[in-house]
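Trainee: I'll drop the sequence and a predicted model, then ask my questions.
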Amino acid sequence: MPKNMDIKNAIATLHPFLTDNRWELFQTVLSNRTDKLSIVLEDIYDPHNANAVIRSCDCFGVQDIHLIEERNKFAPSKRVTQGSMKWITTHRYTDFPEGKRAESVLQSLKSKGVKVVATTPHTDNTPADIPFHEPIALVMGNEKTGVSETVLEQADYLVKIPMLGFTESFNISVAAALLLQTFRAKLDTEFQGNAELDEGRKDILMLEWMEKTIKTADLILKNAGVLR
């Protein structure tokens, strides 16, 4: 999307090329999207797990997912995400220095006023103990070793899912879904219905979604003089 594009004009130009049902669906989904809650995946090695988390993010209205890729690179899977990846904003940080990406990503998020919550079984804190008056980034760690020492050091809060059996942890995709459901409910309460995206970002996403839906979107915008 060109930086100087008139986004509202572009949306108005493409609007007639969407069905009424699609337009209303986009509006409804956008009204429930939030950037006050996001997910960070650190070095997930099983692509199935990472893609399942993306699907859960879409289901719970979480717009942003941040990928820390050190040893393991993320591999998208349409079969697992069921197409949800094209509606989610995926942040990849390949320009950050190798070996320091976890620290760099978390510092970047914290500089924007985001509180980092790391998941680990080695804490007594449950989601109910985590204050949620500021945006939260929930960090899920590697399937075998969990979050790194760097993440534990950088985290503002640690959290675990209470369990009553012999097993110490859930599968990462299950854990993410449980925590997203819990924190989304907590978010709606703590922010008193003000957890929506700002209007500028809604417009950007609306245009992105329209362009992904309308195959000839670029040609339509060029012919209308909106895109040069």
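Mentor: Received it, and whenever you're ready, just let me know what you need.
Trainee: can you tell me which helix in this protein is longest?
Mentor: In the chain, taking DSSP state H as the definition, the longest helix is helix 172-190.
Trainee: contacting residues around it?
Mentor: 34, 36-37, 39, 44, 46, 48-49, 52-53, 56-57, 60-62, 119, 127, 130, 132-133, 136, 138, 140-141, 143, 159, 161, 169-170, 195 (CB atoms under 8 Å, 6 or more residues apart in numbering). Using the backbone N, CA and C atoms, a C-beta is placed for each residue, glycine as well.
Trainee: With Trp87 as the reference, measure out to the residue nearest the centre of the chain.
Mentor: By CA atoms, centre = their mean, the chain has its centre lying nearest to Asp64, at 2.4 Å. Applying CB to CB, to the nearest Å, the value for Asp64 to Trp87 is 12 Å.
Trainee: Is it correct that Thr90 is in contact with Cys57?
Mentor: No: counting by CB atoms under 8 Å, Thr90 stays clear of Cys57, with 9.5 Å between them.
Trainee: any common contacting residues for these two?
Mentor: Taking CB under 8 Å, 6+ apart as the contact criterion, the residues that touch both Thr90 and Cys57 are Ile65.
Trainee: Phi, psi for Glu42 please.
Mentor: phi -100, psi 110 (degrees, to the nearest 10).
Trainee: picking up where we left off before, same question for the longest helix of the chain, mean pLDDT?
Mentor: Taken as a whole, helix 172-190 carries a mean pLDDT of 92.
Trainee: Stretch 36-45 too?
Mentor: Mean predicted confidence for stretch 36-45 is 92.
Trainee: Now do the buried residues in that stretch.
Mentor: Using 16 or more other CB atoms under 10 Å as the test for burial, stretch 36-45 gives Lys36, Leu37, Ser38, Ile39, Val40, Leu41, Glu42, Asp43, Ile44.
Trainee: What is the distance between it and the centre of its chain?
Mentor: Taking CA atoms, centre = their mean, to the nearest Å, one finds stretch 36-45 lying 8 Å from the centre of the chain it belongs to.
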